[in-house]
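Undergrad: quick one: sequence plus predicted model below, questions after.
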Amino acid sequence: MEVIRVLLLYFLIINAVGLLVMGIDKRRSKIRRKWRISEAAMFTIALFGGTAGCLGGMYIFHHKTLKPAFRYGMPAILILQVLAALILFFLTPYRFRIM
């Protein structure tokens, strides 16, 4: 039970970070000569579970939506993460209880 709570808190935080990173980078993109967040950092956040937040940030802030790497890459990462979660949830001998 405690593991589920920790995982939910982790995913909540990492997705909030993904959303924030997209918003910060969008704001900085409008200011010349400002330090920007690298695309590699955005994909790293997504790979560590923040894909939903990054996708939300892409469409809320209209940021990186025309770049093919983001347009197709982020949804692909999300699909792979959901598939991995389903495999872990249904095919492991350990039975997870949500509540």
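TA: Arrived safely. Numbering: from 1, shown residues only.
Undergrad: what's near enough to touch Ser29?
TA: Ser29 sits next to Arg36, His63 when contact means C-beta atoms under 8 Å, 6 or more residues apart in numbering. (Each C-beta comes from the backbone N, C-alpha and C, glycine too.)
Undergrad: and Pro75, how many neighbours?
TA: Per other C-beta atoms under 10 Å, the neighbour tally for Pro75 reads 13.
Undergrad: what's in contact with the helix or strand hosting it?
TA: Assigning secondary structure by DSSP states H and E places Pro75 in helix 68-91. Helix 68-91 has contacts (C-beta under 8 Å, 6+ apart) with 39, 42-43, 46-47, 49, 51-52, 54-55, 58, 64-65, 96.
Undergrad: taking those one by one, which sit in strands?
TA: Using DSSP state E, no member of the contacts of helix 68-91 falls in strands.
Undergrad: export these to TSV and tack on pLDDT?
TA: As requested, the contacts of helix 68-91 are exported to TSV (pLDDT from 0 to 100):
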residue	pLDDT
Glu39	95
Met42	97
Phe43	97
Ala46	97
Leu47	97
Gly49	95
Thr51	96
Ala52	96
Cys54	96
Leu55	96
Met58	96
Lys64	94
Thr65	93
Phe96	62
